[in-house]
Structure formats: structure tokens, C-alpha cells
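Student: Here you go, sequence then predicted model.
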Amino acid sequence: MKDVLIVGAGPYGVSLANVLQAQGVDFALYGRPFELWKEHTFSGQDLRSDAHTSEIYDPQQRFAFKRYVNRTSPEQAASILKGRIPTPVFQRYLEFVRDNLTYPLHALFLKNLTRLPQGFAATFEDGSTVAAKRVVLATGIQAHAWLPDDLQALGPGCVIHSWNTKELEALRGKRILVVGAGQAAAESVANLKQANSVSWLVPHEPVFYSEPLNLPVPVFKMILKLSPAFYHLPLWAKTLWGRQYVLPTITPDHRTLWSNPDVPKYFGKTHTLGLKRKGTNLVTQAGESFDHIVACTGYRFNLANLDYLDAQMRSEMRQRNGVPVLNSRFESSIPGLYFVGGIAEPSFGPAQRFMMGSVHAARRLGKVLQTKREVR
């Protein structure tokens, strides 16, 4: 039986694995390495984040992004490090990290997680099983992709969530309606209009900010650095923060896209268009027709989306608004079961939505998991 099983091989899972290896903890790491950036990021775009928030944490500094860029791209290093990171550069960096891990990474998806008298049992897509005293779930955002009810009602095929960037990049000669007022919508419009006829539906005028939160850059950076203190705020303050600042924003470089007359704009929500499915097309009540809707409608974290969790375990877990209530150790009400990443945002703040949040999570869990748990 492993002492710790980490499920998820993105920045949170790999950063924690780096810490546990340095501490000599017996662990296993499972998940598709950095799948978000490999399979679900437009290749022609820059990352939303810059160098100060885009690094895989390692206590030995083997994967320092600045050092990697200076070594591999010395002539372009200054420009890469001062602004948003080009996606191909970051993809190569992640490949470097993956290729230089000094512990096994099992590229398998979790299919089922149940409790044992002495910990947990995990079954993976190939049928293999792992028993562990403690489990850290760092499984990212994919399971939480959200569609409004009226878009779900249109049925499969016509509606594509922005998570599926490879599917979007393959579209050619289509009439497309992009829905959303955030970065994913702007990037989808920018990429799709090169080979398709694209219209854009937004609920309100877009907010243009260089950082993902609706805050000035210095404040955003300060908030991320102070994120460990977020846990200790009262619930009302956390709720107010979430309502006021965690809103969709678009980087200023897309202002020209918003003003482009070749991209028709609509204001409202999808139900206001009166969309109906007519054969293979989607038709509005005004008679306009589209082949596809690209839903840049974000992610809503909910335990119900994690179908790999045993139903009884999920029902017994203490929740608030569908997400697990976590203690200051990232531990759920089920002893030995931990959550990090976006699903931990209500407890630990908006930093958990971004790569930089993995630093605090890895350091904190490193201290927690360093001590072997006695299972009774």
C-alpha cells in the first residue's frame, strides 16, 4: 500500500510529487501529463499568464522557468519573460519537465475511487489498481465544463464547449456563434474567424484586463502571494470576493478583435436568441442560421461531476454549494482525502484557479503528508 496517491499530473499534481520526493514520502502519481496545455490550448495564442505565475514548483529549483528560457532561448529570453508566454514555448517547457522527472508518472485516468478499511482503492482505465493510505485529487477542470440548460437541450454535435480546442481548430467553412465574454471566447473568435464565418454573443460589454481577475496587475499579484491567508477569512468575505472579482475578463490585445466589423456582435444570453435545432443547423428566432455554437461558458465545480468517486463516499462528504468543505490542510471531511486546484477555490481563494496556486498547495500538503498516517 502506497502512503500517498496523487491523481492528476498537471501543475498541482507534479508540484506536489516534487515536494514529496524531496521529503522521501512513498507516493504514486497518476494522470495525463499537462493535458490542458498539450490538448486544450490554442496553439496560435499566448498564455493568459506570464512568467511569475507559470512555473512547475520544485523545492530543488530544477524546473525554474526563467532558467529554462535563458538556456533554451537566450536571444528571445527577455521578451518571453517580460510578458505573456507564447504557447509553444510553454508546451516545450512542460515537455522538458515531464522528460526530467525522476520518479514514475503513470499516464492513466482514474475510473473509480473507493474506501478501504485501511485507506483507499483506486482503479484506473487499464484495470490496474492502487491502494493508498491517503489520496490527493488534483484532477483539474475537464470534468467541470459547464453548459447552460438551453444549450444542453440543443443536443450533441451542434454545441462545442471551448475546452475542445482541437475540435474547434479543425472547423473550416462553418457558420459559428461564439458565446461568452471571457478570454476563451476572444481566443475562440480570433482562431475560428480565420477559416469560418463567426458571430459573437456576449451578455455585456467585455471587461479588458491583463490579468484573469477584474483587478489591477499589482493587486492581482499581491492577492496571489497572500492566498494562504484567504482560508482564514470569514465565509461572508469569501463569498463577497467571489461575486465581486471572479468575473470573466479579456486581455487588452483583443480590443481590436472586439471592434472588428467583420465579426457581428449580439448582446444577451443564449435563450434570448430563441435558438432551435432545425436538421443539422441552429436557427434563431430572427431566422439566422449557424452550424455550430462554441460555448465559452466556463466551469462550475461540483462533486457530482466526479463520477470516479464512490457514490456513498461522495454523499457522506461535507459539502457547501456542491464542493467539498476543506480544512486548512486541504483535507475533506473524509480523513485522508484531499482536494487541490479549482475545486478548492471556495476554501483557499482564486489562486487555486491558476498555476501559481500550486505552490502554496504543494508546500502545505508537503508538510501535512510528510508524517505517515496511522490507519486504524
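Tutor: The structure has been received and is ready for your questions.
Student: For this protein, give me the ranges with low pLDDT.
Tutor: 211-228, 232, 235-246, 372-376 (pLDDT under 70).
Student: What segments of it are helices?
Tutor: Using DSSP state H, the helices assigned to the chain run over residues 11-23, 35-39, 65-72, 77-82, 87-99, 149-152, 165-169, 183-192, 217-225, 235-245, 255-258, 311-316, 345-348, 357-369.
Student: What is the last one packed up against?
Tutor: Read that as helix 357-369. Packing partners of helix 357-369 (3 or more CB pairs under 8 Å, 6 or more residues apart in numbering; DSSP states H and E): helix 11-23, strand 129-137, helix 345-348. Where you see a C-beta, it was placed from the backbone N, CA and C, and this is true even at glycine.
Student: list the contacts for F96?
Tutor: By CB atoms under 8 Å, 6 or more residues apart in numbering, the contact list for F96 reads F63, Y68, T72.
Student: and those as CSV, adding distance to S347?
Tutor: Output for the contacts of F96, formatted as CSV (distance: CB to CB, whole Å):
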residue, distance to S347
F63, 27
Y68, 32
T72, 37
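Student: Let me know the closest of those to L108.
Tutor: Of all the contacts of F96, L108 sits closest to F63, with 22.7 Å by CB to CB.
Student: if we can go back for a sec, nearest to M317, of the helices and strands packed on helix 357-369?
Tutor: Using CB to CB, the helices and strands packed on helix 357-369 put strand 129-137 closest to M317, at 11.5 Å.
Student: Each with direction, which strands does that closest one pair with?
Tutor: strand 2-7 (parallel), strand 119-124 (antiparallel), strand 337-339 (parallel) (DSSP bridges).
Student: Pull the residues that contact the second one.
Tutor: The reference is to strand 119-124. The list of residues contacting strand 119-124 from outside it, by CB under 8 Å, 6+ apart, reads 1, 5, 7, 30, 106, 108-115, 129-135, 336-337, 375.
Student: likewise the first one?
Tutor: Taking contacts as CB under 8 Å, 6+ apart, the residues outside strand 2-7 that touch it are 13, 16-17, 20, 25-31, 110, 113, 120, 122, 130-139, 369, 372-373.
Student: Return the distance of it from the chain's centre.
Tutor: 21 Å (CA atoms, centre = their mean, to the nearest Å).
Student: Keeping just the C-alphas, turn that strand into PDB.
Tutor: Presented in PDB, the C-alpha positions along strand 2-7 are these (Å, rounded to 0.1, in the frame of the first residue of the first chain):
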ATOM      1  CA  LYS A   2       1.300   3.400  -1.000                       C
ATOM      2  CA  ASP A   3       1.400   6.100   1.600                       C
ATOM      3  CA  VAL A   4       0.100   8.800  -0.800                       C
ATOM      4  CA  LEU A   5      -1.600   8.500  -4.200                       C
ATOM      5  CA  ILE A   6      -1.700  11.700  -6.300                       C
ATOM      6  CA  VAL A   7      -4.300  11.700  -9.000                       C
END
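Student: on that earlier part again, please tabulate the helices and strands packed on helix 357-369 in JSON lines, including the columns distance to R92 and mean neighbour count.
Tutor: Formatted as JSON lines, the helices and strands packed on helix 357-369 follow (distance: least, CB to CB, whole Å; neighbours: other CB atoms under 10 Å):
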{"stretch": "helix 11-23", "distance to R92": "16", "mean neighbour count": "24"}
{"stretch": "strand 129-137", "distance to R92": "27", "mean neighbour count": "21"}
{"stretch": "helix 345-348", "distance to R92": "29", "mean neighbour count": "21"}
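Student: any chance of the ones you listed in CSV, with distance to D46 too?
Tutor: Formatted as CSV, the helices and strands packed on helix 357-369 follow (distance: least, CB to CB, whole Å):
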stretch, distance to D46
helix 11-23, 18
strand 129-137, 30
helix 345-348, 24
